[in-house]
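1. Fold the following and give me the result.
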Amino acid sequence: MVLLKLLIEEGQITDPDSPRGRLLDQAAQLFLQKGYERTTVRDLASAVGIQSGSIFHHFSSKEDILKAVMSEALVYFIEELRAAIEAAQNPRHRLLACIRSELQFTIGADTTAVMSLLISEWRSLSVEAQGDILHYRSRYEQQWLDVLNGAKEVGLVDGDVFVMRRLLAGAIHWTTTWFQLDGELSLEALANETLHLVCSGDSQI
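-> Numbers count the residues shown, from 1 in each chain. You can find the predicted model right below:
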């Protein structure tokens, strides 16, 4: 919550309780449920209880809304991941922090929709807008690669870290199809199990 407040104060993301913030939240839900192409400006306006024309006080187009949903989410993910990595004490804990954070982004109640949109709808953006989103995604992914390279240097993991990252991303994002937050397996236990599967042998580095 402290980080979220700071990012809002710095103008990097929108206050979720503001009219613009509520519109972004409802847009993420509708784009996921109906698909970006099938969601109309009227749908968005109805979801937040405003006239269709009022949306354009906040955004220039429907695409602008999708881009804002994605870019603001990525800014938040980047900073949350950075903070989690910096708080970790060693390569193993840093890798666990990455896994735990991405699981939380993927299956957490507040971020599931936008994480799914980043996978399913980013190609709905124009080439120029895609470039902006890819810039943020590259910053996020570089943090992961830095941690994986650090883990490889101390023998915690083996193999190509780029391939490992792609496989991990796919596995983590797939958890939305089977993991239940209120189930017997906790998110923390899932993070530790994932770490165990990734690590070489029984290293405790």
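2. Every contact and neighbour count from this point should use C-alpha atoms.
-> Noted.
3. Just the buried residues of stretch 41-61, please?
-> 41, 44-45, 47-48, 55 (16 or more other Cα atoms under 10 Å).
4. Can you name the residues in contact with that stretch?
-> Residues outside stretch 41-61 that contact it (Cα atoms under 8 Å, 6 or more residues apart in numbering): 20, 22-23, 26-27, 30, 62, 65.
5. residues in contact with the strand or helix carrying Gly170?
-> Gly170 belongs to helix 161-174 when elements are defined using DSSP states H and E. Applying Cα under 8 Å, 6+ apart, the contact partners of helix 161-174 are 102-103, 106, 144-145, 148-149, 152.
6. now that helix: mean pLDDT?
-> Mean per-residue pLDDT for helix 161-174: 95.
7. Next: stretch 133-151.
-> 96.
8. Run through the strands of the chain in chain order.
-> Assigned by DSSP state E, the chain shows no strands.
9. Now Thr111. Nearest residue, chain neighbours left out?
-> Phe105 (5.4 Å; Cα to Cα, 6 or more residues apart in numbering).
10. Could you give the number of residues near that neighbour?
-> Phe105 has 24 neighbours, counted by other Cα atoms under 10 Å.
11. Report the separation between it and Ile50.
-> For Phe105, the distance to Ile50 (Cα to Cα, to the nearest Å) stands at 29 Å.
12. Show me which positions of the helix holding Gly170 end up buried.
-> Within helix 161-174, the residues scored as buried using 16+ other Cα under 10 Å are 161, 164, 168, 172-173.
13. In a markdown table: these, plus distance to Glu86.
-> Below are the buried residues of helix 161-174 laid out as a markdown table (distance: Cα to Cα, whole Å):
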| residue | distance to Glu86 |
| --- | --- |
| Val161 | 20 |
| Met164 | 22 |
| Leu168 | 21 |
| Ile172 | 22 |
| His173 | 23 |
